[in-house]
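Engineer: okay, structure incoming, though there's no sequence with it:
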């Protein structure tokens, strides 16, 4: 089990490092702690979507835990259901 | 191509189209068309150019367009009357605009003084008209800012919209490109702003998200469909996307049209899930001024632009207003050319098949032969249709000529009206492209030399304003373009005198009127006593003639003293196929273009005469024609051959010079696909191109002009007295 803690700012500059970090965790069950997220852009959401799709393909569990309000608001505005980035419902 | 360059290219393509619209609108206005729709079309064209130019930061262009647009706005709102003087200025402004666009595209700069002169004239017009409060008649720095949406056109297109229902449903489809994010724009913010306009329901299409290993973290994979219930206008919805317009695919439709579109999409692509696909390709033609969808990468797929009848006033808004709306599709030229090439191969292949079948000795009535005939017909049809794709109306070229006329007329102080005919006549794109230069030169010549000065015209009892007629028609598989003026006609005595003084003809030569007229096509001939600013740019009519000939065309002139001259050019509709006579020379197969051949003859011993150093002439109908052994010219043989054992083809070169070509035998007449020798190998003197025959062998296509020109150079003086006999 690997846990990745998301940084506060998830803007375009954070997208590449985030993708790299998640990719390193591939092959393991993954927990993403989203409690710190204060600002997030569409591209980091893309990374999270892709990660979820990747883990699903691998048959590995991936869950996003403690999503911050900022993250939930962003997902809602973008029309992306939480279940598309995490296998579990929001456990806030 | 990087996406930015691709978008720029699209912008410039659209500019070209808008410039054509602009000019045709202005010309209509010049002819007294005071329809509001015409003015609107003109305004829209200028406005669109301004929008794109602002986005790309072409400041010089934006600055000028702004003044231009403001002037047009005054006319549109009836605060400035479109008098002939005003439209003249506007036409010249459109010329300058075209220059500026070209400068922006080529990275150069336009003639700043000319721009300033017209800008000043426009400003003077602005100053002279009663102005609204919002108008600014000087070009201040602030006014240069790109503000594409400050002028609302809604009221013009839909009067009812002002009292529109309280709320309206819009379907906004939005697909950002990576460039949008790279420029620090954020979808999230756009969607939040959209949310402020009313009630939204957002659907995100995540279908294109790849696995993490394939993902470009800074790429753009998502697209959105937003249903917005709002009381604001479509214009205001669009404003939100104003700054990202070039970095996304965007469509905004009212919900009912959206539904129609989905149905249409569904019927087109039954296998696709319509909701996911709809946002990508199809857009509705706008009654308003903007292009609806901007595809960041035109190559990524053919974008279909549908003019949907439900889009309402779109038809009326179109320039011609001629009723039916035509759906068009923008395709890369390369693709069309590839298709044309393939069809060429098909034609060759079909010819091979025919040959095999005829070699097999099957009866003409056999089903294979009949089937093959049908195939041949079909192949021809396909070929014609494919060629039609490349065919374009000559209108853009013609319209450019109206500018030339204006410029030359104002330079020479003459008053000239250009009348155009048959602008819709279509011809291959390559032909069109290479037509501009010779045509420009002919038009210049006609205005500069052909049409007399106003006082001379009045003295001759003609209207003060000269008339120049430019027309295009299809005639027996060729396009004929005529430039006719109602000027003084060719001064034959003077032409003759010049030709003699320049040593182009012997002083005692006895020439027909036609022959004298044609002297102006000789290299080194120029009638203007001093090199004028307009015609004398180091280009004579001989260059025009060569350009036309290079296109496989011919040019002729007819002139009536005091009534004017007519230049007429006849050009092939395409440069890809050719009807030819297949002949054998020295064991080789050659193709001679059918257009050059006048007749075939069997040389008799008594009609062939030796002429000095091995040259021979053949007597036909009381004239002597040089006899050329093609085999010797192409070095297939070095022994002179007995002409009576050969067949002579009487050919006429594009210059009108006649020659008899000796060949061993005639095989037949055939349509051949032209394959460039230059592209694939190199230039060979006397050979124009190559083709592949039915049996798979390569045959060379003879360059009749080159073959005829060489020996004639030695013979021209010798021939003239013979013709005079």
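Structural biologist: Right, received. Where do you want to start? Just so you know, these numbers come straight off a predicted model, no measurement behind them.

Engineer: give me the phi and psi for the residue most central in space within chain B.
Structural biologist: Centroid-nearest residue in chain B, with CA atoms, centre = their mean: residue B:432, separated by 4.4 Å. For residue B:432, the backbone dihedrals are phi -60, psi -50 (criterion: degrees, to the nearest 10).

Engineer: from residue B:585, how far off is it?
Structural biologist: Residue B:432 is 35 Å from residue B:585, where distance means CB to CB, to the nearest Å. C-beta: built from backbone N, CA, C; applies to glycine.

Engineer: apart from its chain neighbours, what residue comes closest to the residue in chain A that chain B sits nearest to?
Structural biologist: Using CB to the nearest CB, the closest approach of chain A to chain B is made by residue A:79 at 3.3 Å. The spatially closest residue to residue A:79, leaving aside those adjacent along the chain, is residue B:202, at 3.3 Å (CB to CB, 6 or more residues apart in numbering or on different chains).

Engineer: count the residues that sit near that neighbour.
Structural biologist: 19 (other CB atoms under 10 Å in any protein chain shown).

Engineer: cool, residue B:492 as well?
Structural biologist: 16.

Engineer: assign a three-state SS to residue B:660, would you?
Structural biologist: strand (DSSP: H, G, I helix; E, B strand; the rest coil).

Engineer: ok, it - contacts?
Structural biologist: Neighbouring residues of residue B:660 by CB atoms under 8 Å, 6 or more residues apart in numbering or on different chains: B:601, B:603, B:618, B:620, B:625, B:626, B:627, B:628, B:648, B:649, B:650, B:651.

Engineer: residue numbers of chain B in contact with chain A?
Structural biologist: B:176, B:181-182, B:184, B:186-188, B:191-192, B:195, B:201-204, B:206, B:209-213, B:215, B:217-222, B:224, B:226 (CB under 8 Å from any CB of the partner chain).

Engineer: report the buried members of those residues.
Structural biologist: By neighbour count, with 16 or more other CB atoms under 10 Å in any protein chain shown, those hold B:176, B:181, B:186-188, B:191-192, B:202, B:204, B:206, B:209, B:211-212, B:215, B:217-222, B:224, B:226 as buried.

Engineer: the strands in chain A, which residues?
Structural biologist: A:2-5, A:9-10, A:30-33, A:39-40, A:62-65 (DSSP state E).

Engineer: longest helix in chain A, please.
Structural biologist: Secondary structure of chain A read by DSSP state H shows that its longest helix is helix A:42-58.

Engineer: could I get the buried residue list for that one?
Structural biologist: Here helix A:42-58 shows A:42-55, A:58 as buried, counting by 16+ other CB under 10 Å.

Engineer: now for it, which elements pack on it?
Structural biologist: helix A:12-24, strand A:30-33, strand A:62-65, helix A:69-78 (3 or more CB pairs under 8 Å, 6 or more residues apart in numbering or on different chains; DSSP states H and E).

Engineer: try 6 Å this time
Structural biologist: Of the remaining helices and strands, those touching helix A:42-58 by 3 or more CB pairs under 6 Å, 6 or more residues apart in numbering or on different chains; DSSP states H and E are helix A:12-24.

Engineer: tell me the residue of the stretch 151-300 of chain B that sits nearest chain A?
Structural biologist: residue B:202 (3.3 Å).

Engineer: skip ahead from the strand or helix carrying that residue and say which helix or strand is next.
Structural biologist: Secondary structure assigned from DSSP states H and E places residue B:202 in strand B:198-205. Of the helices and strands lying after strand B:198-205 in sequence (DSSP H and E), the nearest is strand B:223-230.
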